[in-house]
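**Student:** One predicted model, sequence on top.
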Amino acid sequence: MTLTPQVKKILSHYESDNPGTKANLVKLMNTGKLAGTGKMVILPVDQGFEHGAARSFAANPPAYDPQYHFQLAIDAGLNAFAAPLGMIEAGASTFAGQIPTILKVNSSNSLSTLKDQAVNSTVADALRLGCSAIGFTIYPGSEYFFKEVEQLRDLASEAKKAGLVVIVWSYPRGPMLDKAGETAIDICAYAAQMAALVGAHIIKVKPPTEHLSLPAAKKVYEEQKIDISTMDKRVKHVVQSSFDGRRIVIFSGGEHSDDKTLLQTIKGIHDGGGFGSIIGRNTFQRPKAEALKLLSEIIDIFKK
Amino acid sequence: MTLTPQVKKILSHYESDNPGTKANLVKLMNTGKLAGTGKMVILPVDQGFEHGAARSFAANPPAYDPQYHFQLAIDAGLNAFAAPLGMIEAGASTFAGQIPTILKVNSSNSLSTLKDQAVNSTVADALRLGCSAIGFTIYPGSEYFFKEVEQLRDLASEAKKAGLVVIVWSYPRGPMLDKAGETAIDICAYAAQMAALVGAHIIKVKPPTEHLSLPAAKKVYEEQKIDISTMDKRVKHVVQSSFDGRRIVIFSGGEHSDDKTLLQTIKGIHDGGGFGSIIGRNTFQRPKAEALKLLSEIIDIFKK
Amino acid sequence: MTLTPQVKKILSHYESDNPGTKANLVKLMNTGKLAGTGKMVILPVDQGFEHGAARSFAANPPAYDPQYHFQLAIDAGLNAFAAPLGMIEAGASTFAGQIPTILKVNSSNSLSTLKDQAVNSTVADALRLGCSAIGFTIYPGSEYFFKEVEQLRDLASEAKKAGLVVIVWSYPRGPMLDKAGETAIDICAYAAQMAALVGAHIIKVKPPTEHLSLPAAKKVYEEQKIDISTMDKRVKHVVQSSFDGRRIVIFSGGEHSDDKTLLQTIKGIHDGGGFGSIIGRNTFQRPKAEALKLLSEIIDIFKK
Amino acid sequence: MTLTPQVKKILSHYESDNPGTKANLVKLMNTGKLAGTGKMVILPVDQGFEHGAARSFAANPPAYDPQYHFQLAIDAGLNAFAAPLGMIEAGASTFAGQIPTILKVNSSNSLSTLKDQAVNSTVADALRLGCSAIGFTIYPGSEYFFKEVEQLRDLASEAKKAGLVVIVWSYPRGPMLDKAGETAIDICAYAAQMAALVGAHIIKVKPPTEHLSLPAAKKVYEEQKIDISTMDKRVKHVVQSSFDGRRIVIFSGGEHSDDKTLLQTIKGIHDGGGFGSIIGRNTFQRPKAEALKLLSEIIDIFKK
Amino acid sequence: MTLTPQVKKILSHYESDNPGTKANLVKLMNTGKLAGTGKMVILPVDQGFEHGAARSFAANPPAYDPQYHFQLAIDAGLNAFAAPLGMIEAGASTFAGQIPTILKVNSSNSLSTLKDQAVNSTVADALRLGCSAIGFTIYPGSEYFFKEVEQLRDLASEAKKAGLVVIVWSYPRGPMLDKAGETAIDICAYAAQMAALVGAHIIKVKPPTEHLSLPAAKKVYEEQKIDISTMDKRVKHVVQSSFDGRRIVIFSGGEHSDDKTLLQTIKGIHDGGGFGSIIGRNTFQRPKAEALKLLSEIIDIFKK
């Protein structure tokens, strides 16, 4: 498959990576209905780790089965499916070669009080399971952040050598941040910048709000008249904060009152130059037909 | 390229190092407009880690792009460019062989409350990216200082074996120091001495103020009539405190009200026998033409 | 130093290499009087290993001193100096940073009856001595060829990870080849192709003769009317055989009756698109002034 | 050099050590003006780490230069010079083979509030720098003491395998000890005993005072009528506490009102059977001629 | 001990070595009656390995005892004593620190038909035994030469890192050489050159004869009028072949009809600029008094 100009351009930004990593980046970009557009929609299913199975899957019982998610991602024409070790192991043979997978190597859970994650799988796991990437969460602002960065350093270094892609979930939290601060535009852009600086190939952040959390940042945003009035302006700023667009930034679905609001957010992501969405709960917590419909609408937005 | 007497003399001070490290020291000293003078001006860009992208780059939006900084360092005729992993990865191929690079292997950030840094890259990264040196920050006075020194020991030992240069950012902070204490002349000279003792090839400190922080030190400075009345006298004392000039000491730009004050500080650094400046914010936060003009003036001071 | 279009183009051929290796390729190409031309002249001094000191240096006694050769390479404006461990160790500090060096990690000698070489230094040596590349000889056709290739595999893999350049001396010999066969055009082009296939960044072969050694090859060369009538045609064919010019191929000086013949050969190398010469005996076995004159004439040919 | 009976006897106490360590013990004992006496005077310069350069060297500015101290130790005819990594690196080539060196592998500083030290160099450093011994400080009584002992265990084990001597600075401090307690005779003798028990070859303690710190100890000292009335009696007791003289115990100079008091202390050390002195501040903080005079007087005491 | 100009000059030739190796070179040069002259006489006792005890020691039965040799080297004021593992182990404690030792890490024997040596000890042995150097024999010309060089590479690399000196016994033999060829001047000089190229610090060869073994070499020696008519001329040529005197070359005693001839040979070595002798059989196979007398005469020659 020849590369489109969009994919070629994005690929050129990964100039220090080996061809193995480049091939996996292409695989992620050239799979599904968005193949060749340089955009991506990914299905992440680590909800069970964070909240337990019932809170994750009871609303749509077939989703208790890991293979449901592989198939959903394929049927919806997504770019990839991301999950922790056990869930990948539960379908990796059946769906081998059918959908790129991302091994989420660390995970949090709501029974723990620590603002941290445990590393529960390895680069070797990713290779034996045929994954294209590893996913790793950092919590900028947490008291565990430095430890997380050092864990990421080791995993990312090994992954890059093995030709894998490194995707960093960058989710600020910690003593300096209240709930509103965690998705504030200044914090979100800062989180993206930090993920880029520690060597992420792909950065995942939450859709930012108009809020400005740090006084020192607020001052600069106002002085420099950085436009953060709409989602697309904010996304544009986050993309700019990710090496001026040299790194793929994708956005989680976030919490929404209804699909309309979700689709508006995604439209904002697209209009602002975001590279895609990573949508979990909003899709697997409803009947498959509805999920496919919603995903189709999302994809249509990114296709434009 | 034949060595000048200045470069030869400086090189002779690194008598325990292998030829690989010596070659990289020469590379740092023989690049750019100051080549051969034994002086150096370095562009460091780790501001994004410390304060986020907007606070670092919004004042001059092209600076969001990592390659802007590689090009700025080249166009200004600087000796080297220093940055964290992701930023070096984003330009290391395009600018391979055009400007010596320094991999800043640990980094702090303003979302963390810890007076510490995370080690986010390795000596192997420095080699695969073609860097000439690693940079490492220690915080003398911090409760993490001992841990940092032990991290530095391992990284420096590996770097020296591989023929790399080790640059130590020595920034005092911690329970015994108030804001004024962090740049006090006694503290700054002490920080330089500690960096030298742990085996730094190049030491980076802040321009010291006339303030004396520790009472025990104050007594000695007064008794011994150590002249700290002007910047050049203070710089001279810091150089003396770095093995009597056997180690290269360079100074950060610091915060300044205007360019005139900055240039006066740099004149003081030069007159006091300092080996150069490492100037970030003061250059990349203004339009490129202005940055080049300022850097040109700085270089002119060191050329004299 | 900005890259010339020639250097940029050559560099683009090394697309699977990390920025460290690219930086060292640029260093080799951007040093000396041919800097920026994409051409290179290298001084190799492993003659002493092959024939002893007297047969190598008695004709020009100052050449007994290793530092003579470092200085000769610098004074002549060459791109690099290549030698075995001991010779590099004897000058690596004095000339640190003044001339790129190539550590010849294996060596043959004329007291041995084996058509093989011993690996007498390592990638770690290359790093501690500040070398830009390792050099390794393979003998395609020898009964030791497979062992050599496997030694090269390990060394090259380690060297590439560390950002070094891998230069392969590809010298056919063995039971199937008579003396004429060793420099026959079909064999020489075959040797270049094998070096390229085992992953050499730079390939060194001997200037090929019009002779065709293997009957099976002869048939093809004649059927396909491959023009091998002149040196430039043969060099063109060797370059073509080195991935159609995607790998730098340089040619040894060979034995010549006089300088005029040597310069004609080099003119052929240049006209045929060869990337340079690696000239030992023809330069260090004569008084320095004469060597400089000859090297100047050689460089002039490549500058055109 | 044939061994004197004194050196032979001391050496016989190190019966479990390998010949490499014995050779280095002999080297320490057979260097300088005290060669062969079984006594030693050592110059330690880690003052800069503990108090900064000015408080260490301003009183005698040539001492800012590390090489000053190498030369001072040689000119005074001392047995060895001890310093942290950077200071040894700054002179190890120039003075190679001229004076035994001791690499002080951990260091404290007065900007830290922790009663601990950071390990900033390694046994590999000691070997590459040609040192005869490593020096390590423990703080019996500190909350970090167990950690320190375990660090020492690893370093000492590695050092002994490599034929190096292990010197332990044993400096009591911590919650159970007030200022007077730190140099109390019961504590000092206890500190020496602990250093001996963890496997030190040479023990460094402070000259003990008549004070008895621990009530339980006080009882025994009084019941058993241990004579601690004079320095020589106390030193005798410390030596006895160091395996009845089977381990070399040396004493720091301590703080003194004047040279006369210092020399009296040293006379006490000598008369009590102490093996020597390790004198830093008292020598390098005065002009060289005066330092040489004082050291000569100290040596004369030990020569008797 | 301050360095003499001779020692300083020799030391400066080892510019790529760490201070540890430099310190051991100084130790070898600054021990015994030749201390400071830059010359050395070494006692090697590996005869027992090569020919058995009786053939080695029956002529002087006290020599069956390893400690006899340590004492002989000390009493004669030699620079060092070289022997295989067991012999060093048998005296290393008794003579610790009294005489530098060289651990001969590989050995041949006359029961084997192979022209090879077995590596029977390690760098770790050298360190635990307090040796200053390792000794290694290569047989240029032997079918095992390449294997030997690769063993030497690993041992030398480890030894250099640990600050030891590497001494190479370079003894040509093999299918291309008859008995006369093994000591022919062209072969001997070639052997010295090869030892230098593989990174030896000190080279040991046999005193060369006037014979020229290789026809190709003979031609050059005659054409270039290399004077090989007397021992001093030949030694001068061997020294020149050892990087023009940048490497210490010492000569074995060789077989002699009587002491007068031996002393003439040694006079030739001295007059030709050789750095010393390594004399075994000629000394320990006679009563000690006679051995001391002979060694005294040898030392007197080198003192001039």
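**Tutor:** Here it is on my side, so go on. Residues are numbered from 1 along each chain as shown, chains lettered A, B, ... in the order given.
**Student:** what about residue A:257, how many neighbours?
**Tutor:** Residues near residue A:257, counting by other C-beta atoms under 10 Å in any protein chain shown, number 7. The C-beta positions use only the backbone N, C-alpha and C, and glycine is treated the same way.
**Student:** Enumerate every residue touching it.
**Tutor:** With contact set as C-beta atoms under 8 Å, 6 or more residues apart in numbering or on different chains, residue A:257 has no partners.
**Student:** Backbone torsions only: list them for the residue in chain A sticking out farthest from the centre.
**Tutor:** Distance from the C-alpha centroid of chain A peaks at residue A:223, with 31.2 Å (C-alpha atoms, centre = their mean). When read as degrees, to the nearest 10, the backbone of residue A:223 gives phi -60, psi -50.
**Student:** contacting residues for the residue lying closest to residue A:10 once chain neighbours are set aside?
**Tutor:** Spatial nearest neighbour of residue A:10, excluding adjacent residues (C-beta to C-beta, 6 or more residues apart in numbering or on different chains): residue A:38 at 5.1 Å. Residues in contact with residue A:38 (C-beta under 8 Å, 6+ apart) are A:4, A:6, A:7, A:9, A:10, A:29, A:275.
**Student:** Just to check, the last one is in contact with residue A:248?
**Tutor:** To tie it back to what came earlier, the one meant is residue A:275. Yes. Judged on C-beta atoms under 8 Å, residue A:275 makes contact with residue A:248 at a distance of 4.4 Å.
**Student:** what is in contact with those two at once?
**Tutor:** By C-beta under 8 Å, 6+ apart, the residues touching both residue A:275 and residue A:248 are A:10, A:40, A:202.
**Student:** Out of the helices and strands in chain A, which is least certain?
**Tutor:** helix A:47-51 (a mean of 89; mean pLDDT, DSSP states H and E).
**Student:** I'd like the next helix or strand past that one.
**Tutor:** helix A:53-57 (DSSP states H and E).
**Student:** Surely residue A:294 is in contact with residue A:281?
**Tutor:** No. Here residue A:294 does not reach residue A:281: they are 11.5 Å apart, not a contact under C-beta under 8 Å.
**Student:** Give me the contacts around the helix or strand that contains residue A:72.
**Tutor:** Residue A:72 belongs to helix A:66-75 when assigned by DSSP H and E. By C-beta under 8 Å, 6+ apart, the surrounding residues in contact with helix A:66-75 are A:43, A:45, A:62-63, A:80-81, A:83, A:86-88, A:90-91, A:94-95, A:98-99, A:283-284, A:288, A:291-292.
**Student:** That one: which residues count as buried?
**Tutor:** Neighbour-count burial for helix A:66-75 flags A:66, A:68, A:69, A:70, A:71, A:72, A:73, A:74 (criterion: 16 or more other C-beta atoms under 10 Å in any protein chain shown).
**Student:** so after it, what's the next helix or strand?
**Tutor:** Next helix or strand after helix A:66-75 toward the C-terminus (DSSP H and E): strand A:80-83.
**Student:** State the phi and psi torsions of the most centrally placed residue in chain A.
**Tutor:** Compute the mean C-alpha point of chain A, and by C-alpha atoms, centre = their mean the closest residue is residue A:204, 3.7 Å away. Phi and psi for residue A:204, reported as degrees, to the nearest 10, are phi -110, psi 120.
**Student:** now the residue nearest to residue A:10: how far from residue A:22?
**Tutor:** 14 Å (C-beta to C-beta, to the nearest Å).
**Student:** What of residue A:94?
**Tutor:** Using C-beta to C-beta, residue A:94 is found at 28 Å from residue A:22.
**Student:** okay, the two: which has more neighbours?
**Tutor:** residue A:22 (19 against 11).
**Student:** which secondary structure element contains that one?
**Tutor:** Under the criterion of DSSP H and E, residue A:22 resides in helix A:19-29.
**Student:** For that helix, enumerate the helices and strands it packs against.
**Tutor:** Applying 3 or more C-beta pairs under 8 Å, 6 or more residues apart in numbering or on different chains; DSSP states H and E, one finds that helix A:19-29 contacts helix A:5-12, strand A:165-170.
**Student:** Would you mind telling me which of the ones you listed is nearest residue A:217?
**Tutor:** strand A:165-170 (16.2 Å; C-beta to C-beta).
**Student:** strands paired with that closest one, and their directions?
**Tutor:** According to DSSP bridges, the neighbouring strands of strand A:165-170, each with its direction, are strand A:133-138 (parallel), strand A:202-205 (parallel).
**Student:** would you list every one of the helices in the stretch 101-250 of chain A?
**Tutor:** Along the stretch 101-250 of chain A, the segments classed as helices by DSSP state H, counting those that start in this stretch run A:123-128, A:145-161, A:179-182, A:185-197, A:215-223, A:231-240.
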